[in-house]
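**Q** could you look at this predicted model? Sequence included:
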Amino acid sequence: MVSKMIEVKNLQHQFLNPQGGYQQALNGVSLRIEQGEFVAIIGHNGSGKSTLAKHLNVLLLPDQGTVTVNGMDTKDIENLWKIRQQVGMVFQNPDNQLIATTVEEDVAFGPENLGIEPLKIRHLVDEALVCVGMSEYKKRAPHLLSGGQKQRVAIAGVVAMRPKVLVFDEPTAMLDPLGRKEVMDTVVKLNQEEGLTVVHITHFMEEAVLADRVIVMENGSIVMEGSPREIFSQVQKLKELCLDVPPMMELRDILAQDGLNLPHDILTVEEMVVALCR
Amino acid sequence: MPIILENVDYVYQPGSPYEANALKNINLVINEGEFVGLIGHTGSGKSTLAQHLNGLLKPTKGRVIVDDYEISAAKKSKLKEVRKKVGLVFQYPEHQLFEETIFEDIAFGPKNLGLLAGEIEKRVKKALHMVHLDYDKYHSLSPFTLSGGEKRRVAIAGVLAMEPKYLVLDEPTAGLDPRGRDEISAQIEELHNQGITVVLVSHSMDDVARLTERLIVMHQCAVVFNDETRKVFSHFERLQEMGLDIPTVTKLMFRLKDKGWSVRQDILTVEEAKQEILLALKEEKHHA
Amino acid sequence: MLKDITIGQYIPGVSPVHNLDPRTKIISLVLYMVGLFLVNNFAGYLFVTFFTIGIIVLSSISIVTILKGFKPLVLIISLTLVLHVFMTEGQIIWQWGFLKITSEGLRQGIFMALRLVYLVSITSLLTLTTTPIALTDGLEKVLKAFFVPIAHELAMMMTIALRFIPTLIEETEKIMKAQMARGADFESGGLLSRAKSLIPLLVPLFLSSFRRADELAMAMDARCYRGGEERTRMKQLVMGSGDFFAYLIIVVFLGVSIYSRIW
């Protein structure tokens, strides 16, 4: 039976504006994420996606509404550390997550905080490093790693705590194409092979298409929700929201304007080739 | 007058245990008025090359000539003169902001050039205008109260205030969302149209395809391609081997050709792809 | 570039000194310092010299490496020597004008200079033979044992500082280059103008460090960090027979030092 892992009901959040007054960051957001799902949240900067993410591991508390993780209400202080252990979070800046002088020491940080006994920590660290493909860099100093490698170590540091949910807050924004590929391969692997629920926040459309479901945010609200194909075929709407459109979708659209009608959900080059050759 | 690189070698920390080649026998010319792209995987030498264009790095062998100024290992050069002509915008340029007001920060460059107050004010106004920020609204604000995209524009204005002839930008859209990216790209295009020679170092094949006329491809510290952008992207397999990608629409053209379609492969934009496909269908030149 | 140099300069090795528990090394260093400052006669200094050389040999770190650490200190040591030689009252053995050298001055000068030299040598031996992690772990345990408050927080601060030094150096280089591209000059000019020219370097560095600290704290929170309470460590510090002998040796050293003074 597939269960509700995360449930957000009418979530509202306001920020104090440095120039005075309040800013509504989240405007009554409701959503549900099932166990094992891979959900991508896209939207331009300021749409509220990061703010939403931080509610999932209680880095932020709701002003109104509720957030429930695996049956636990985030407002209940008793649940704080349990939720934080079950919802792991990876942030944008690879450097500003690593605190130790070697890779394995950093990955051990999380389990150490949980008071796990030393031998077990050793196992968790080794397994996590295998999972992200960084085992041979165990004793390396973090500053000698590439961006993609640093992010994978950050991911290992979270995975070692054996969470149920992984929240990725724009983890590839500061990486080069190779680093982005390394990280996304790891994310997909963690979802498909380890069965972890993944919430992936990004503005790279090539990453959002890997998800089971895409949620589009704008001005603190959810404005679109559906499968990647459903979302990305709405070329006009995406352009209005200043979001990237897959080139093939865009091509399909302008060909249609000139009278050539092809199926609506062409996402990849191959699909376009097949459609055109018919 | 062009920027010329002649037999440039750059060895990083020569003689030490960390010695490494960063540039190998580079021969390049950047002509006035061009819009050149510089691509290559991380570590291919792009950033090192960029830093040779304004004298931040001096070649170990060979020479770099910017207008009449020669930069080489042996000569003591008037580097300030070079920095006047060639502006370099680093990645995440907003990290270099430091002054109390936006005016003061943009004025930093002109001040270093020894200009007088009147001229400095003129330049700051012009630079802010070039990045589409209203002088009256912004000049007395602290740069740190701005959004990420605005900060970046202020940082770029700081370099534009030096009134360079050449502008080298290292990943100017890094870390920005699509909207921010489009804004900066549009502004760079505008700067080029106003007469500034642009060298764009980028990982984004789509940006480079859309904006540049000529493309320099670096691989393992050497220049592998140096040609019209369209022509460079036609070397699909070679680029893939080097770990580089090509624009999605270009890929489509290659695949259609594989299927027997008689289409040009030097297509860079969605619009061009549409034209080419419609043309091919009309003339019924496709055979399964 | 500079980031390839690790501060603390740990040099891997398998000497008896390398293998000691860091706590033993830290406590022994303190006891060594006490003994070093107690000796005040020729016999005592002779003993300390042989002991110090013995420890260095045991650690299999070359003298050259240790001497490299003296470069910034040559001035202080020379100054100490000169001050004591020329300023101490006593039996004059050489005079030129108002400059006089006394036998006591000569003695004091040499002894003080030697003290500094030995102190720096053995302290750098500590960082040369101990990894930064082991060092901060050992320090934390020792401080806790002596009921020093916020021992864990101090150790955590040290670890994070050590981790970020290469990163900060890299960032400084980047900011320098960006400002130089705008015509900044960090090299020429008098002392005052050079100090002023550091502002475009230091302000961005400070700002990014504050931002970094903020993000790091959030990441640590997200990984359930709640201070040192109930925290375990993956790497456990375990004392061995080598540590027992080390303690024995250092106590004997201290004893002889005290004795040399009384005798």
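**A** On my side now, so go ahead.
**Q** near chain B, which residues of chain C?
**A** C:1, C:4, C:174-175, C:177-185, C:199-200, C:203-204, C:207-208 (Cβ under 8 Å from any Cβ of the partner chain). Every C-beta, even on glycine, is put in place using the N, C-alpha and C of the backbone.
**Q** also chain A?
**A** Near chain B, when you scan chain A using Cβ under 8 Å from any Cβ, you find A:18-19, A:44-46, A:146, A:173-174, A:176-178, A:203, A:242-244, A:246-248, A:250-251, A:254-255, A:258, A:260, A:269-270, A:272-273, A:276-277.
**Q** filter these down to the ones close to chain C.
**A** Of the residues of chain A next to chain B, not one also sits near chain C (Cβ under 8 Å from any Cβ).
**Q** so which of those residues sit within helices?
**A** A:177-178, A:247-248, A:250-251, A:254-255, A:269-270, A:272-273, A:276 (DSSP state H).
**Q** closest one to chain C out of these, please.
**A** Nearest to chain C among those is A:Leu178, at 19.7 Å by Cβ to the nearest Cβ.
**Q** which non-adjacent residue is nearest that closest one?
**A** A:Gly148 (6.1 Å; Cβ to Cβ, 6 or more residues apart in numbering or on different chains).
**Q** pretty sure that neighbour contacts A:Arg180?
**A** Yes. Look at A:Gly148 against A:Arg180 with Cβ atoms under 8 Å: they come within range, at 7.3 Å.
**Q** just to revisit the earlier point, any of the residues of chain A next to chain B buried? List them.
**A** Among the residues of chain A next to chain B, those scoring as buried are A:44-46, A:146, A:173-174, A:176-178, A:203, A:242-244, A:246-248, A:250-251, A:254-255, A:269, A:272-273, A:276 (criterion: 16 or more other Cβ atoms under 10 Å in any protein chain shown).
**Q** how about chain B: which residue is closest to chain C?
**A** Counting by Cβ to the nearest Cβ, chain B gets nearest chain C through B:Asn112, at 3.1 Å.
**Q** now do the contacts for that residue.
**A** B:Lys80, C:Arg182, C:Gly183, C:Ala184, C:Asp185 (Cβ atoms under 8 Å, 6 or more residues apart in numbering or on different chains).
**Q** what about 10 Å?
**A** Taking Cβ atoms under 10 Å, 6 or more residues apart in numbering or on different chains, we find B:Asn112 in contact with B:Lys80, B:Arg83, B:Lys84, B:Met162, C:Gln179, C:Met180, C:Arg182, C:Gly183, C:Ala184, C:Asp185, C:Ser197, C:Pro200.
**Q** next one: it from C:Gly183, what distance?
**A** The gap separating B:Asn112 from C:Gly183 is 3 Å, by Cβ to Cβ, to the nearest Å.
**Q** mind listing the shared neighbours of the two?
**A** Common neighbours of B:Asn112 and C:Gly183 (Cβ under 10 Å, 6+ apart) are B:Lys80, B:Arg83, B:Lys84, B:Met162.
**Q** quick one: least confident of those?
**A** When those are compared by pLDDT, B:Lys80 scores lowest at 80.
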